[in-house]
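**Student:** any chance you could fold what I've pasted below:
(one chain, ligands or ions: 3)
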Amino acid sequence: MAVRVPSRQLFIDGEWREPVLKNRFPIINPATEQMIGDIPAATSEDVDLAVAAARRALSRNKGKDWASASGAVRAKYLRAIAAKITERKTELGKLEAMDCGKPLDEAVWDMEDVAGCFEYYADLAEGLDAKQKAPVSLPMETFKSYVLKEPIGVVGLITPWNYPLLMATWKVAPALAAGCAAILKPSELASITCLELAEVCREVGLPSGVLNILTGLGPEAGAPLASHPNVDKIAFTGSTTTGSKIMTAAAQMVKPVSLELGGKSPIIVFEDVDLDKAAEWTAFGCFWTNGQICSATSRLIVHENIAKEFVDRLVKWTKNIKISDPLEEGCRLGPIVSGGQYEKVLKFISTAKSEGATILSGGVRPEHLKKGFFVEPTIITDVTTSMQIWREEVFGPVLCVKTFSTEEEALELANDTHYGLGAAVISNDLERCDRVSKELQAGIVWINCSQPCFCQAPWGGNKRSGFGRELGEWGLENYLSVKQVTQYISDEPWGWYSSPSKL
Ligand SMILES: NC(=O)c1ccc[n+]([C@@H]2O[C@H](COP(=O)([O-])OP(=O)(O)OC[C@H]3O[C@@H](n4cnc5c(N)ncnc54)[C@H](O)[C@@H]3O)[C@@H](O)[C@H]2O)c1
Ligand SMILES: NCCCC=O
Ligand code: NA
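**Tutor:** Ligands and ions are numbered 1, 2, ... in the order given. Predicted coordinates:
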């Protein structure tokens, strides 16, 4: 059953505030195409207010309330947020499913991951205290040196719509653990649960200004954040095109950025596999989250000796996927997030066809669903490496297939991309899996699976998939600045210049 979408304002300085220009825009449920509420539209005026609030939060009580409080103090808030998310996980899961179209079971799983991620960074915040003043060994006995890890400052966090609250959490949790103050700008296509995070922060009494949440459009709310002179760092997840704009804006102030961008990730299936196990992982790798995963393994590279049988089996698996309103029990594939994205996905499919590829399965709206932005899981064969469908990220439930005969050829096909986010290899020969993992040009490699993701392990890409790593201890380092403190400990004068007292 659907739930009511709360009506919220922007979250600035610990309170709900109407946007300065008072604009709002509608929220559309992609399964029904109905308006289910609206969200406030922030502009640069609101960004200025939020940045000022964040700066005040950092310096309040000379930083002792947040930035230079012990990690243990900050951890208490992170744990309280995790507990509230857990308490509300079913309701939040429903809101997420209604906003971005992901199946409810996935959305609730995301909420568990959100709570787990806040808990994890609470642990790391506590651990940070013990890591302060780590000594650096020097080659001169007359000096000693240590390292302080300090929050970078005010950070701007700009996130996409495919995992609305989870992608925000991957940034908010480590930023707060590090002692930063943040401004989160979620995607205009799915912001509901991020506004609920604001309510959770209010309820747990997070000090005002530590986390500010501004919903709004990219150019109107995201761009002024990226170029703001008082924002010390931008962490961005989204498309490669927007990532490049953000990097350009940040470069003007030599502002550090971390970028988690798009992908066109391969999955290599060798001939020694259990066909059904491999087919299920291949389907999951590309059709989970309605195919809207940055790391979706959307290029299947399968050994020619099993290709026909494997693809037939895969088609059978996809025909068994329940496509429905995300809130219906057992749903495993919901709609594309918006009308605009839906049109883009269909255009990719029609271009593939016009370039000579075969739409083997899917490629259309399921017959039983008359409303909503639904596309059947789509498998495309007869693909060449110059086709758009092989080269560009679709961000929808579309898999393209090529065959190979040797390991070298498989790797060449896998690495034939400007992207470098994920990659998967499926084989019973674990030595081969290790060898192939080393050769794959990607930040994440899955062996005998595709997509499982743990907040303890690093996440991020190479090439045009971006740089920097989120999650794990790497995620915390994103928000820390390293300061060396070096002390002269000899009683002797330095003795470089002739002392005037000896004249
Ligand atoms: N690597 C990862 O971990 C990861 C995870 C999820 C999604 N993605 C990528 O995200 C993309 C899909 O998400 P999307 O459509 O929301 O991406 P997008 O780039 O359109 O938008 C992402 C965010 O950037 C904002 N934005 C847009 N223009 C901006 C500008 N000029 N300045 C500042 N902010 C701006 C948007 O409002 C949104 O909040 C896909 O390419 C996908 O691969 C990557
Ligand atoms: N499982 C989380 C994947 C995030 C990228 O889209
Ligand atoms: Na939406």
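**Student:** what about the residue in the stretch 201-350 of the chain positioned nearest to ligand 2, how many neighbours?
**Tutor:** Closest contact between the stretch 201-350 of the chain and ligand 2, by C-beta to the nearest ligand atom, is at residue 294 (3.8 Å). For every residue, glycine as well, the C-beta is placed using N, CA and C. Residues lying near residue 294 (other C-beta atoms under 10 Å) number 26.
**Student:** is the closest residue to it other than its chain neighbours in a helix, a strand, or coil?
**Tutor:** Using C-beta to C-beta, 6 or more residues apart in numbering and skipping residues adjacent in sequence, the residue nearest residue 294 is residue 263, 5.2 Å away. At residue 263 the chain is in coil, as set by DSSP: H, G, I helix; E, B strand; the rest coil.
**Student:** for residue 50, phi and psi?
**Tutor:** Main-chain dihedrals, residue 50, degrees, to the nearest 10: phi -70, psi -40.
**Student:** hmm, back to that, what separation do you get for the residue nearest to residue 294 and residue 30?
**Tutor:** Relative to residue 30, residue 263 is positioned 22 Å away (criterion: C-beta to C-beta, to the nearest Å).
**Student:** what pLDDT does the residue nearest to residue 294 get?
**Tutor:** At residue 263, the model reports a pLDDT of 97.
**Student:** need the nearest residue in space to residue 35, chain neighbours excluded.
**Tutor:** Excluding the flanking residues, the one nearest residue 35 by C-beta to C-beta, 6+ apart is residue 26, at 4.6 Å.
**Student:** can you tell me the element residue 236 falls in?
**Tutor:** strand 233-237 (DSSP states H and E).
**Student:** swap in residue 130?
**Tutor:** helix 104-131.
**Student:** and that helix, what's buried?
**Tutor:** 104, 106-108, 110-111, 113-122, 124-126, 128 (16 or more other C-beta atoms under 10 Å).
**Student:** what does the chain put close to ligand 3?
**Tutor:** Residues of the chain that fall close to ligand 3, judged by C-beta under 5 Å from the ion: 99, 190.
**Student:** quick one: low-confidence parts of the chain?
**Tutor:** Scanning the chain for pLDDT under 70 picks out the ranges 503.
**Student:** what's stretch 237-249 in contact with?
**Tutor:** Contact with stretch 237-249 is made by 158-160, 167, 170-171, 187, 218, 222-223, 226-227, 234, 236, 257, 259-262, 294, 393, 419, 464-466, 470, as judged by C-beta atoms under 8 Å, 6 or more residues apart in numbering.
**Student:** could you rerun that using 6 Å?
**Tutor:** Contact partners of stretch 237-249, identified using C-beta atoms under 6 Å, 6 or more residues apart in numbering, comprise 159-160, 167, 226-227, 234, 236, 257, 259-262, 464.
**Student:** again with stretch 396-404
**Tutor:** 286-287, 290-291, 298-302, 304, 307, 336, 345, 375, 377-381, 383, 389-390, 410, 413.
**Student:** among the residues you listed, which are in strands?
**Tutor:** Mapping the contacts of stretch 396-404 onto strands (DSSP state E) picks out 298-302, 378-381.
**Student:** just want the most central residue of the chain.
**Tutor:** residue 167 (4.1 Å; C-alpha atoms, centre = their mean).
**Student:** ok, that residue - contacts?
**Tutor:** 159-160, 237 are the contacts of residue 167 under C-beta under 6 Å, 6+ apart.
**Student:** how many neighbours does the spatially closest residue to it that is not a sequence neighbour have?
**Tutor:** In space, residue 167 comes closest to residue 159 once its chain neighbours are excluded; the distance is 4.5 Å by C-beta to C-beta, 6+ apart. When neighbours are counted by other C-beta under 10 Å, residue 159 registers 28.
**Student:** what of residue 397?
**Tutor:** 29.
**Student:** repeat for the one 10 residues further on
**Tutor:** If you count neighbours by other C-beta under 10 Å, residue 407 ends up with 18.
**Student:** show me the contacts for it.
**Tutor:** Applying C-beta under 6 Å, 6+ apart to residue 407 gives no contacts.
**Student:** same deal with residue 462?
**Tutor:** Residues in contact with residue 462 (C-beta under 6 Å, 6+ apart) are 420, 443.
**Student:** who's in contact with the residue nearest to residue 314 when sequence neighbours are not counted?
**Tutor:** Leaving aside its chain neighbours, residue 314 sits nearest to residue 279 (4.6 Å; criterion: C-beta to C-beta, 6+ apart). Shown in contact with residue 279 (C-beta under 6 Å, 6+ apart): 313-314, 317.
**Student:** so which of the residues you listed is surrounded by the most neighbours?
**Tutor:** residue 314 (27 neighbours).
**Student:** tell me how many other residues surround residue 202.
**Tutor:** Around residue 202 there are 14 residues (other C-beta under 10 Å).
**Student:** gap between the residue of the stretch 1-150 of the chain found nearest ligand 2 and residue 165?
**Tutor:** Per C-beta to the nearest ligand atom, residue 113 is where the stretch 1-150 of the chain lies closest to ligand 2, at 7.6 Å. Separation of residue 113 from residue 165 (C-beta to C-beta) stands at 9 Å.
**Student:** got it, and residue 7?
**Tutor:** In terms of C-beta to C-beta, residue 7 sits 18 Å off from residue 165.
**Student:** which one's more surrounded, these two?
**Tutor:** Each of residue 7 and residue 165 has its neighbours counted (other C-beta under 10 Å); residue 165 has more, 31 against 12.
**Student:** in the stretch 1-150 of the chain, which residue sits nearest ligand 1?
**Tutor:** Proximity of the stretch 1-150 of the chain to ligand 1 (C-beta to the nearest ligand atom) peaks at residue 100, 10.0 Å away.
**Student:** and that residue, what is it in contact with?
**Tutor:** 161, 164, 190, 337.
**Student:** and the residue nearest to residue 385 when sequence neighbours are not counted, what are its phi and psi?
**Tutor:** In space, and not counting its chain neighbours, residue 385 is closest to residue 416: 5.7 Å by C-beta to C-beta, 6+ apart. Backbone torsions for residue 416, taken as degrees, to the nearest 10, come to phi -80, psi 70.
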